[in-house]
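[1] Starting from these lines, generate the structure:
(chains A and B)
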Amino acid sequence: MSTESRSNFLKTQIQADLDGQVMGQLVTRFPPEPNGYLHLGHAKSITVNFELAKQFGGRCHLRFDDTNPEKESQVFIEAIQDDVRWLGYEWHGEVRFASSYFQQLYDWALHLIDHGLAYVCDLSAEEAREYRGSLTEAGRDSPYRTRSPEENRQLFTGMRAGEFPEGSRVLRAKIDMASPNINLRDPILYRIRNAHHHQTGGDWPIYPTYDYAHGQEDAIEGVTHSICTLEFEDHRPLYDWFIEHLPVPSRPRQIEFARLNTSYTVTSKRKLKQLVDSGAVSGWDDPRMPTLAGLRRRGYPPAAIRHFCEEVGTSRSDSVVDVAMLESSVRNHLNESAPRAMAVLNPLALTLTNLSQPETLSVANHPGNEAMGTREVPLTPELLIDADDFREEANKKYKRLVIGKRVRLRGAYVIEAERCDHNASGEVVRVYARIIEGTLGEDPADGIKAKGVIHWVSASSGVPAEVRRYDRLFSDPNPGKSDDVLAVLNPDSLRVIDTAVLEPSLAHAQPEQVFQFEREGYFIADRFDHSGGKPVFNMTIGLRDTWSAVNA
RNA sequence: UGGGGUGUCGCCAAGUGGCAAGGCAGCGGGUUUUGAUCCCGCCAUUCGCAGGUUCGAAUCCUGCCACCCCAGCCA
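    Below is the predicted model:
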């Protein structure tokens, strides 16, 4: 599972930049806008930035890019910090805010004005769009482009003083309305917004745009490499333009990489919101959601997510990673870390005809890790096994319980089925089996080995529980391509099982504890709904299953 | 038909002129008190296509093709 030595273009670039350069150490940053919950795509960005800093002995900042108060809020600021920490990262120093640089940004805007590099424009949004031209046609200069620095300064300070209504004016950089790169056609630096800001309150009636603010925020913090996604590539000339024309304290470099896309999942905020608003999921932290809060509640270990992000690599080509890769990482991590236990999801009664007294068995918590210890499991005359693990008759390929045949009860004895009872509709309701003496930890003395191993739970001391089985939220590998995500939902993405019975030790599980229910999969005690009195487990992921596929 | 990007195995992805890593998926086989894990083996004469340069090209050159991004006072 080691991927540390894997190279990618970012590491190569950074290494080259660091070698023989003045800059001594790498500084990166994760700069979310606090306007939504973090998801798998953000996890990629987080690992890229934090791992790079770790690998090169540098540091990584967490900075909220809060330049648009109308869409942001304090709840996201807290949720995002929780998610980043949960993923396993701690940022360098205090949490930072773009908003704490508003004064500096404003002063630098004045600097641009004084140098004739920015002007106040009175064009309406619609007019500005017309003046901007199109992809194939050059734009035209705004009639306000020639205002003097003095007039611009007066107008801009007026904007800052709240003298003008929203939308009446903006501050623009004076670059080139004929540039083939539309981002250079006199981009907007400031807009008027009479909005309450979650950090600065009513201090500012004007707010800087991303294009103007981001690079300067980086420069203020001494960020050396400002890593972002591909769609910002066209903005880089602008990013560099500000850095060149402003007396900034450092010269950060922007590098873009391809965002992470994963099959069977959507990460568009609009689509995720649609899922929540429509009730298709129970909320932003529904275990089927690709949000970090959802993945957490689902039981995906942060280390598995980190490993996945490293494993898929970092490149500049658009791609869609098979979600099976994430699932594989989750299984790998859980296989090692999750203690084993038994739970019967679809119970069928089984009577042990020759067990007179209950026994207490000691069972290993992990087949490959003795250090994880053992636990006690009660064996009683009345047991519960999974209905799928019994057939009255079957071919030789069926490795479970069949009348007249043997299987081993996991951690206990080999048994042989004798007969079964049926109900009025002919369904099997109870199986009778006898224990083969002397088979605790031993094969049968008569040489007739068990066909397989099945899990079980004591009917009398087992603990009823609610188990939620999850499957992929979408039936389409590329749900994001669909206009209506609700149309491609997998109708079986959640199945609530209220018949499950757990072995007694599981009643002591703490919320967020993950177990492997043997032969079923990995399950986590729900972070919110689980309690000793009423156990609730969410299926994280099933065990790899080559048998059902062969049998299909 | 403006500008900026990207094309290496079913899905990711190394590779930076010297003879195509790795992971996921898949397929065989072995071990196994989880049909799990683990272990072994197989899985690109070929790098979007076509030319060219070179003793030698995924890597250099030329031309084509495909796909992605950009016309928010969003980020």
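
[2] from here on, contacts and neighbour counts on C-alpha atoms
    Will do.

[3] quick one: the helices in the stretch 251-400 of chain A?
    A:269-278, A:292-298, A:302-311, A:323-337 (DSSP state H, counting those that start in this stretch).

[4] on contacts alone, who are the packing partners of the last one?
    When contacts are defined as 3 or more C-alpha pairs under 8 Å, 6 or more residues apart in numbering; DSSP states H and E, helix A:323-337 sits against helix A:302-311, strand A:536-542.

[5] Mind giving me the packing neighbours of the shortest one?
    Under the contact criterion of 3+ C-alpha pairs under 8 Å, 6+ apart, strand A:536-542 touches helix A:292-298, helix A:323-337, strand A:466-470, strand A:521-525.

[6] any idea of the angle the longest one forms with helix A:302-311?
    Think helix A:323-337. Interaxial angle, helix A:323-337 versus helix A:302-311 (axes from the mean of the first three to the mean of the last three C-alpha atoms, to 10 degrees): 140 degrees.

[7] re earlier: mean neighbour count, the helices of the stretch 251-400 of chain A: which tops it?
    helix A:292-298 (a mean of 25; mean count of other C-alpha atoms under 10 Å).

[8] can I get the helices of the stretch 251-400 of chain A in CSV with mean pLDDT?
    Below are these laid out as CSV (pLDDT from 0 to 100):
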stretch, mean pLDDT
helix A:269-278, 96
helix A:292-298, 98
helix A:302-311, 98
helix A:323-337, 98
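
[9] residues in the stretch 451-552 of chain A within reach of RNA strand B, list them.
    Contacts of the stretch 451-552 of chain A with RNA strand B, taken as C-alpha under 7 Å from any atom of the strand, map to A:452-454, A:516-520, A:543-547, A:550.

[10] Adding neighbour count, write those out as JSON lines.
    As requested, these are exported to JSON lines (neighbours: other C-alpha atoms under 10 Å):
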{"residue": "A:Gly452", "neighbour count": "15"}
{"residue": "A:Val453", "neighbour count": "20"}
{"residue": "A:Ile454", "neighbour count": "21"}
{"residue": "A:Gln516", "neighbour count": "26"}
{"residue": "A:Phe517", "neighbour count": "24"}
{"residue": "A:Glu518", "neighbour count": "18"}
{"residue": "A:Arg519", "neighbour count": "18"}
{"residue": "A:Glu520", "neighbour count": "18"}
{"residue": "A:Leu543", "neighbour count": "15"}
{"residue": "A:Arg544", "neighbour count": "13"}
{"residue": "A:Asp545", "neighbour count": "11"}
{"residue": "A:Thr546", "neighbour count": "8"}
{"residue": "A:Trp547", "neighbour count": "8"}
{"residue": "A:Val550", "neighbour count": "7"}
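
[11] Take those and keep only those in strands.
    Judged by DSSP state E, those include A:453-454, A:516-517 as members of strands.

[12] Tell me the one of those nearest RNA strand B?
    Nearest to RNA strand B out of these is A:Val453 (C-alpha to the nearest atom of the strand; 4.5 Å).

[13] just checking, the closest one touches A:Val407?
    Yes. Between A:Val453 and A:Val407 there is a contact under C-alpha atoms under 8 Å: 5.5 Å.

[14] which stretches of the stretch 1-150 of chain A have low pLDDT?
    A:1-5, A:20-24 (pLDDT under 70).

[15] now the strands for it?
    A:27-30, A:59-64, A:96-97, A:118-121 (DSSP state E, counting those that start in this stretch).

[16] Then the stretch 301-450 of chain A?
    Using DSSP E, counting those that start in this stretch, the strands assigned to the stretch 301-450 of chain A run over residues A:340-341, A:343-344, A:347-352, A:359-364, A:374-379, A:382-386, A:390-391, A:401-402, A:406-409, A:414-422, A:428-435.

[17] returning to that earlier point: and the residues of the stretch 451-552 of chain A next to RNA strand B, which two are the farthest apart?
    Across these, no pair lies farther apart than A:Gln516 and A:Val550, at 23.2 Å, counting by C-alpha to C-alpha.

[18] for the record, mean pLDDT for stretch A:185-205?
    For stretch A:185-205, the mean pLDDT works out to 98.

[19] swap in stretch A:413-431?
    The pLDDT scores in stretch A:413-431 average 98.

[20] Please identify the buried residues of it?
    A:413-418, A:420, A:428, A:430-431 (16 or more other C-alpha atoms under 10 Å).

[21] Output these in CSV, with distance to RNA strand B appended to each entry.
    Shown next, in CSV, are the buried residues of stretch A:413-431 (distance: C-alpha to the nearest atom of the strand, whole Å):
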residue, distance to RNA strand B
A:Tyr413, 6
A:Val414, 8
A:Ile415, 11
A:Glu416, 15
A:Ala417, 16
A:Glu418, 19
A:Cys420, 19
A:Val428, 18
A:Arg430, 20
A:Val431, 18
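
[22] ok and the residue in chain A nearest RNA strand B?
    Using C-alpha to the nearest atom of the strand, A:Gly441 is the residue of chain A that sits closest to RNA strand B, at 2.8 Å.

[23] contacting residues around A:Val223?
    Shown in contact with A:Val223 (C-alpha atoms under 8 Å, 6 or more residues apart in numbering): A:26-29, A:250, A:252.

[24] what does the stretch 51-200 of chain A have sitting close to RNA strand B?
    Residues of the stretch 51-200 of chain A lying close to RNA strand B (C-alpha under 7 Å from any atom of the strand) are A:65-68, A:122-125, A:128-129, A:132-137, A:166-170, A:180-183, A:187-188, A:191-192.
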